[in-house]
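Novice: give me the fold of what follows.
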Amino acid sequence: MINVFVLQNGRLNQVPIDSRADLENAEPVWVDLTDPTDDERAWVKATYNVTLPGEDEVKDIEASARYYEAENGDLHLRTDFLLEEDDGPSRVITVAFILARKILFSMHTDDLPVFRLVRMRARSRPGSIADYMDVLLDLYATDAEYSADVLEGIYQNLEEVSTRVLQKEFTDAHAAEALNAIAHEEDLNGRIRRNMMDTRRAVSFLMRGRLLNSEQFEEARQILRDIESLDGHTSFLFDKINFLMDATVGFININQNKIIKIFSVASVAFLPPTLIASVYGMNFKFLPELEWTFGYPWAWGLMITSAIAPFLYFRHRGWLK
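Specialist: Numbers count the residues shown, from 1 in each chain. Modelled structure (predicted):
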């Protein structure tokens, strides 16, 4: 899919593209390609003389491949954006940016919420975008805002987990649910931190390259400050996640120790009856109680009494709670 956007009266408006002719007649400031077909890639190359990177090139993690200036003067950037899905795990989508002929070209495999939010804001806020570089900076700024919203969601989810972990009755089933929720939030928090690190590198590259005017440079500095504040928040969430993880594992150990304690108490309580039964079960010829009429009930009475007495003692000391 090709999404072409032009500036009209200070607003970012989308132009429908159904053919190559529509693309040639447009004067875009931003050309966004979502999982483009081979024909669409050929249209863009023929119309703007821009070579789009392949999928393997987009995923390259080397710094020299993520931020560089081509021989023809085109500027290439690779930036990660977070894609959080309700019905599945979150993912990091790498977006390829190309700045050429005062047009921003972006290419990615999935439709991203940050891109949708930028398009919506640009239509409702006239004058917020003046050129292609403003579009790129707005994408980075919106990415920081989106990450902040996701971090707030992580904190709320961790608060719910904390309430469950610290409840009076915390079973192994509750612990399994808590560990699953904690692991999910830890993974999402880590992806956000990685995403913010990548955005910081991209914005710093633009600032070092002297590609921004004074207003854009100040906006880039504000983006870096926002990212710095998010780093502190992710560190706080990592600490909270580690605490909840340790607390959950601790409660699991307590529950297991309760089971072990029951077996230990039972084994100790049945030691005296076992001793008595062993004594009266010996095959000696002369036993004082062997010919005694009440010898059998006497042995049973001793065994029952010796079994009940330890339980009463353990209960008095509070070891059975």
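
Novice: make it CA atoms for all contacts and neighbour counts henceforth
Specialist: Will do.

Novice: in a strand, residue 12, correct?
Specialist: Yes - using DSSP: H, G, I helix; E, B strand; the rest coil, the assignment for residue 12 is a strand.

Novice: and it, how far is that from residue 176?
Specialist: Remark: distance between residue 12 and residue 176 (CA to CA, to the nearest Å) = 48 Å.

Novice: higher neighbour count, the two?
Specialist: residue 12 (29 against 14; other CA atoms under 10 Å).

Novice: sketch out the low-pLDDT regions of this structure for me.
Specialist: Applying pLDDT under 70 to the chain flags residues 55-65, 86-88, 126-127, 320-321.

Novice: so which residue is smack in the middle of it?
Specialist: Taking CA atoms, centre = their mean, the centroid of the chain lies closest to residue 188, which sits 0.9 Å from it.

Novice: how about residue 99: what's its closest non-neighbour residue?
Specialist: residue 75 (5.0 Å; CA to CA, 6 or more residues apart in numbering).

Novice: revised request: answer the last question for residue 67.
Specialist: residue 77 (4.6 Å).

Novice: neighbours of the residue nearest to residue 99, how many?
Specialist: Neighbourhood size, residue 75 [other CA under 10 Å]: 16.

Novice: how near is it to residue 207?
Specialist: Per CA to CA, residue 75 is found 13 Å from residue 207.

Novice: kindly report the same for residue 113.
Specialist: In this view, residue 113 and residue 207 are 25 Å apart by CA to CA.

Novice: again with residue 68
Specialist: Relative to residue 207, residue 68 is positioned 13 Å away (CA to CA).

Novice: determine how far stretch 219-233 lies from the middle of the whole chain.
Specialist: Average the C-alpha atoms of stretch 219-233, do the same for its chain, and the two points are 20 Å apart (CA atoms, centre = their mean, to the nearest Å).

Novice: where along the stretch 151-300 of the chain do the helices fall?
Specialist: Counting by DSSP state H, counting those that start in this stretch, the stretch 151-300 of the chain has helices at residues 172-208, 214-269, 271-280, 295-317.

Novice: mind putting the ones you listed into TSV with distance to residue 21?
Specialist: Formatted as TSV, the helices of the stretch 151-300 of the chain follow (distance: least, CA to CA, whole Å):
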stretch	distance to residue 21
helix 172-208	33
helix 214-269	33
helix 271-280	94
helix 295-317	88
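
Novice: please identify the most buried of these.
Specialist: Mean neighbours per residue, mean count of other CA atoms under 10 Å, is largest over those for helix 172-208, with a mean of 18.

Novice: what's the separation between the residue of the chain most remote from its centre and residue 300?
Specialist: For the chain, the residue at maximal distance from the C-alpha centroid (CA atoms, centre = their mean) is residue 291, at 77.4 Å. Between residue 291 and residue 300 the distance is 16 Å, computed by CA to CA.

Novice: how near is the residue nearest to residue 99 to residue 152?
Specialist: Distance, residue 75 to residue 152, by CA to CA: 34 Å.

Novice: also residue 96?
Specialist: The gap separating residue 96 from residue 152 is 28 Å, by CA to CA.

Novice: comparing the two, which residue is more hemmed in?
Specialist: Neighbours per residue, other CA under 10 Å: of residue 96 and residue 152, the larger number sits with residue 96, 24 against 14.

Novice: need the contact list for residue 117.
Specialist: When contacts are counted by CA atoms under 8 Å, 6 or more residues apart in numbering, residue 117 touches residue 142.

Novice: repeat that for 6 Å
Specialist: Contacts for residue 117 (CA atoms under 6 Å, 6 or more residues apart in numbering) come out as none.

Novice: that one is in what secondary structure piece?
Specialist: Assigned by DSSP states H and E, residue 117 belongs to helix 113-124.

Novice: would you mark the buried spots in that helix?
Specialist: 113, 114, 115, 118, 119, 121, 122, 123 (16 or more other CA atoms under 10 Å).

Novice: do you have the helices of the stretch 1-150 of the chain handy? List them.
Specialist: In the stretch 1-150 of the chain, the helices defined using DSSP H, counting those that start in this stretch lie at 20-25, 38-48, 55-58, 63-66, 113-124, 132-165.

Novice: looking at those, which is nearest to residue 306?
Specialist: Nearest of the helices of the stretch 1-150 of the chain to residue 306, taken as CA to CA: helix 132-165 at 40.3 Å.

Novice: show me what counts as buried in that closest one.
Specialist: Buried residues in helix 132-165 (16+ other CA under 10 Å): 132-148, 150-151, 154-155, 158, 161-162, 164-165.
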